[in-house]
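Undergrad: Structure, please.
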Amino acid sequence: MQLHAIVSGRVQGIGYRHFVVNAAYECGLTGYVRNLHSGDVEVLAEGHEDDLRSLIGALWRGPEFARVEQVRVNWGAATDDYSRFRVTY
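TA: Numbering: from 1, shown residues only. Next up is the predicted model:
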C-alpha cells in the first residue's frame, strides 16, 4: 500500500524530517519526506498497511519540539518505485 500524508503545524526547522526517516526505517517502509513551501511536510511511504498505520502515529507524535496540528492522509496502491526511505528536496 501507499500512504501520502501532508503534516501541518510547527514541523519545519525542528528535525521533523529526520524523525520521520527514523520512524519509517523502524517500520520497514520505503518512500520519502520533504518540506513544502507552505510550511507543511509531505510524506510518501510504501509498505504493509499495519506498518503505515504505525507511521501515522509517529507523524502525529513528531520529535520533541514539533507541534502537529493536522495529518491529512490519502491511501493508494504501492508503485514500488522506492528502494529506501529518504529526505528529498
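Undergrad: For S8, pull up the helix or strand it's in.
TA: strand 2-10 (DSSP states H and E).
Undergrad: Just the mean pLDDT for the helix or strand just after that strand, thanks.
TA: Once the chain leaves strand 2-10, the next helix or strand it forms, by DSSP H and E, is helix 16-27. What helix 16-27 shows for mean pLDDT is 99.
Undergrad: Give me the helices and strands touching the helix or strand following helix 16-27, please.
TA: On the C-terminal side of helix 16-27, the closest following helix or strand by DSSP H and E is strand 30-35. Here strand 30-35 touches helix 16-27, strand 41-46, strand 85-87, going by 3 or more C-beta pairs under 8 Å, 6 or more residues apart in numbering; DSSP states H and E. C-beta here means a position set from N, CA and C on the backbone, and glycine is covered the same way.
Undergrad: try it again with 6 Å
TA: With contacts defined as 3 or more C-beta pairs under 6 Å, 6 or more residues apart in numbering; DSSP states H and E, strand 30-35 has these neighbours: strand 41-46, strand 85-87.
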